[in-house]
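**Q** output the structure for:
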Amino acid sequence: MNWRIIAIPATLIPIFIIAIQFDIKFEDVLAIGLVPFVAAVIAMMIKLGLQGIKFAYITHKYLGKFDSFWKLCGVRIGSEFIKFTTPMFVGAEFVIIYYLHKKGVAPSKSTWIAIMDIVTEVFAGGLLSIMAGIFALMNGAYVVGVIILGISITVTSLWMVLFFLSSRRTFQVPRILVSLTKRFAKEKGEKYIEQTNSWMEEVCTMSRKNLKTTESRKIFTISFLFSLASWSFYGISFMIITMGTGSMIGIFDSIMAVMGANAIGNLPITLGGSGLAEFGIIAYLNNLDPFNLTIPQGTVTWNAVIGWRIATYYVPIMITWLLLVKLALSKIPKKEKS
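**A** Numbering: from 1, shown residues only. The predicted structure is shown next:
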């Protein structure tokens, strides 16, 4: 985890560039006000809390009450630190799988729970981002709209196709990877390939078994609704910040702007989408040409965007880090669970 701690300052570089380029002073950010800032942090923590509750709900539905509901919430919230510090917001699922495995849950079942958690999140976020892209096109922000749609449709479709395809066929390691692994890693590589193929076969078997049941469809639907609610609070956090700037925007526009920015942040360019998310919000709300970021008078300004980024990224990153450290330092009592 050390490299991630070191990487956090790197995410500040785009913020500093924006501040210098557009002459944003620290007092401009402070002018937002303490109340809107704290309220935005609370909205973001509600978003993370709903993700935690969703994960605990999924886990208890598939495994029974083998662990504390609130501890499972804490594990899921803490896992977000990994997403905050990687390109394309990936990695939280590995923390979930690791924790459940340490508790004695079979790898295939741990993976299935993680997949159900991430797929419902991607599906809900993807649909909102696609809506944002459509509204961007309708409002004349053609370049931004095409970028948002291109990313959100690709990412959402990939996850959903793989998710539902896993119930129809058994995935295995691609042959080219098998050949390369066996060539360079010899017997050890062959062993890893066999273990991976066995694990993937078990996951696909679980997928075939679970996706046909009414209970799993119910779990998917409820989890999807939890994800819609959590993404909505993420969007509302920006509206709250704008209250302190004199350029307040509505709930719907705020959610669309944030989800459009979230889609752009998925590009594998910077850690945690730093710089990309900020550009996405400004470009979306002001219908800007991405090569000309001069903001019209009387519209949302860069200080609001930077204030929002601090409230919804840098404050939560510290909270999730503390939860993850607590998890790493605590002993995880193993409970046999097949």
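**Q** where does the prediction get shaky in the stretch 201-338 of the chain?
**A** Along the stretch 201-338 of the chain, segments meeting pLDDT under 70 span 268-275, 287-301, 328-329, 331-338.
**Q** what ranges do the helices span in it?
**A** 214-242, 251-265, 276-286, 302-309, 315-329 (DSSP state H, counting those that start in this stretch).
**Q** and the angle from the last one to helix 302-309?
**A** With axes from the mean of the first three to the mean of the last three C-alpha atoms, to 10 degrees defining the directions, helix 315-329 sits at 20 degrees from helix 302-309.
**Q** give the buried residues for helix 315-329.
**A** 315, 316, 317, 319, 320, 321, 323, 324, 327 (16 or more other C-beta atoms under 10 Å). For every residue, glycine as well, the C-beta is placed using N, CA and C.
**Q** repeat that for the longest one.
**A** Of all the residues in helix 214-242, those buried under the rule 16+ other C-beta under 10 Å are 216, 219-220, 223-224, 226-242.
**Q** got it, and the shortest one?
**A** Neighbour counts using 16+ other C-beta under 10 Å place 302, 303, 304, 305, 306, 307, 308, 309 of helix 302-309 among the buried residues.
**Q** what's the answer for the second one, then?
**A** In terms of neighbour count (16+ other C-beta under 10 Å), helix 251-265 has its buried residues at 253-265.
**Q** list just the nearest of those residues to residue 185.
**A** The shortest approach to residue 185 among the buried residues of helix 251-265 belongs to residue 265, at 35.0 Å (C-beta to C-beta).
**Q** how far away is the residue lying closest to residue 259 once chain neighbours are set aside from residue 108?
**A** Using C-beta to C-beta, 6 or more residues apart in numbering and skipping residues adjacent in sequence, the residue nearest residue 259 is residue 128, 4.2 Å away. From residue 128 across to residue 108, the span is 31 Å (C-beta to C-beta, to the nearest Å).
**Q** can you add distance to residue 178 and give the buried residues of helix 315-329 back as CSV?
**A** Listed next are the buried residues of helix 315-329 as CSV, based on distance: C-beta to C-beta, whole Å:
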residue, distance to residue 178
315, 45
316, 40
317, 38
319, 42
320, 37
321, 37
323, 38
324, 34
327, 34
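**Q** for the residues you listed, which one is nearest residue 133?
**A** residue 316 (25.6 Å).
**Q** quick one: contacts for that closest one?
**A** In this structure, residue 316 makes contact with 41, 44, 45, 48, 80, 84, judged by C-beta atoms under 8 Å, 6 or more residues apart in numbering.
**Q** which among those residues gets closest to residue 112?
**A** Once C-beta to C-beta is applied, the member of the contacts of residue 316 that ends up nearest residue 112 is residue 80, at 20.4 Å.
**Q** wait, doesn't the closest one sit right on residue 320?
**A** Yes - judged on C-beta atoms under 8 Å, residue 80 makes contact with residue 320 at a distance of 4.6 Å.
**Q** find residues that contact each of those two.
**A** By C-beta under 8 Å, 6+ apart, the residues touching both residue 80 and residue 320 are residue 48.
**Q** got the domain boundaries for the chain?
**A** Split into domains by automatic domain parsing, the chain comes to 2-165+213-329, 168-211.
**Q** okay, those domains, which one's buried deepest?
**A** For the domains of the chain, average neighbour numbers computed from mean count of other C-beta atoms under 10 Å are highest in domain 2-165+213-329, which has a mean of 19.
**Q** just the pLDDT for the closest residue to residue 229 other than its chain neighbours.
**A** Using C-beta to C-beta, 6+ apart and skipping the chain neighbours, the partner closest in space to residue 229 is residue 50 (5.6 Å). Residue 50 carries a pLDDT score of 97 in this model.
**Q** phi first, then psi, for residue 50.
**A** Per-residue torsions, residue 50: phi -60, psi -40 (degrees, to the nearest 10).
**Q** list the contacts of it.
**A** 226, 227, 229, 230, 233.
**Q** against residue 44, how distant is it?
**A** With distances taken as C-beta to C-beta, residue 50 is found 11 Å from residue 44.
**Q** shared neighbours, those two?
**A** Residues touching both residue 50 and residue 44 by C-beta under 8 Å, 6+ apart: residue 233.
**Q** which SS state does residue 167 fall under?
**A** Counting by DSSP: H, G, I helix; E, B strand; the rest coil, the backbone at residue 167 sits in coil.
**Q** I'd guessed residue 239 sits against residue 256; true?
**A** No - using C-beta under 8 Å, residue 239 is not in contact with residue 256; the gap is 10.9 Å.
**Q** surely residue 66 touches residue 100?
**A** No - using C-beta under 8 Å, residue 66 is not in contact with residue 100, being 9.4 Å away.
**Q** thinking again about what came up before, nearest to residue 73, of the contacts of residue 316?
**A** When the contacts of residue 316 are ranked by distance to residue 73 (C-beta to C-beta), residue 48 comes first, at 9.2 Å.
**Q** can you give me the pLDDT of the spatially closest residue to the closest one that is not a sequence neighbour?
**A** Nearest residue to residue 48 in three dimensions, chain neighbours excluded: residue 77, at 4.9 Å (C-beta to C-beta, 6+ apart). On pLDDT, residue 77 comes in at 93.
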